[in-house]
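Trainee: Next come a sequence and a model predicted from it.
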Amino acid sequence: MNNPAAIRAIADLFARQTLAVLATDMGGHPYASLVAFAATADLRRVVFATIRTTRKFANLELNSRVSLLVDNRSNTPADFQEAAAVTVMGQAAEPEGAERERFAALYLSRHPYLEEFIASPTCALFVIEVERCVLVSRFQNVAEITFPP
């Protein structure tokens, strides 16, 4: 973590956006899903939830490596000058016990309207241990942040 401007830009994207695109592995092909997310203040963990009967859950059971895309596009011509996106890469796992409660609280602080969803026994909460973030702005400025294990 050696680029303070990129870290601030990533933190800003995480703070402003509530949805992201999660990519999992579906038999060798990327499978993309829209998810609500929350991130820890140090950007090292990202939390999302899914129902246990979804494709993304099945994919995660077979391969826990994921990517998550968070962006600020507005689908207007201004995006070519102003859009920014961060791709988060890491491993997703289900926390248990007190850890699950801690991450559920973080998630619900961002998405209080999903309390019933998170409380359901059919809901799985996942935490991505972030290994790397690649920030792209203005379609050409690229900054990469790596997180030591």
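Mentor: All right, it came through fine.
Trainee: what about V134, how many neighbours?
Mentor: 18 (other CB atoms under 10 Å). Quick note: C-beta positions are derived from backbone N, CA and C, even for glycine.
Trainee: With I145 instead?
Mentor: 20.
Trainee: Below-threshold pLDDT in this protein: ranges please.
Mentor: Along the chain, segments meeting pLDDT under 70 span 1, 79.
Trainee: Show me the helices in it, by range?
Mentor: 4-16, 55-62, 79-82, 97-110, 115-119 (DSSP state H).
Trainee: Quick one, which of those helices gets closest to L68.
Mentor: helix 4-16 (10.2 Å; CB to CB).
Trainee: Quick check, N63 in contact with M26.
Mentor: No - shown here, N63 and M26 do not form a contact pair, counting by CB atoms under 8 Å, at 9.0 Å.
Trainee: Save the helices of the chain as TSV, and put in distance to T146 too.
Mentor: Listed next are the helices of the chain as TSV, based on distance: least, CB to CB, whole Å:
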stretch	distance to T146
helix 4-16	11
helix 55-62	23
helix 79-82	26
helix 97-110	23
helix 115-119	30
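Trainee: and of these, who's closest to G90?
Mentor: helix 55-62 (12.2 Å).
Trainee: got the angle between the top strand by length along the chain and helix 97-110?
Mentor: The longest strand of the chain (DSSP state E) is strand 123-137. For strand 123-137 against helix 97-110, the angle by axes from the mean of the first three to the mean of the last three CA atoms, to 10 degrees is 60 degrees.
Trainee: now for strand 123-137, which elements pack on it?
Mentor: helix 4-16, strand 45-51, strand 84-93, helix 97-110, strand 141-146 (3 or more CB pairs under 8 Å, 6 or more residues apart in numbering; DSSP states H and E).
Trainee: Quick one: closest of those to Y31.
Mentor: Per CB to CB, nearest to Y31 of the helices and strands packed on strand 123-137: strand 45-51, 12.1 Å.
Trainee: What strands flank the closest one, and is each parallel or antiparallel?
Mentor: Paired with strand 45-51 in the same sheet, following DSSP bridges, are strand 29-39 (antiparallel), strand 123-137 (antiparallel).
Trainee: Mind listing what's buried along the last one?
Mentor: If you call a residue buried by 16 or more other CB atoms under 10 Å, then strand 123-137 has these buried ones: 123-128, 130-131, 133-137.
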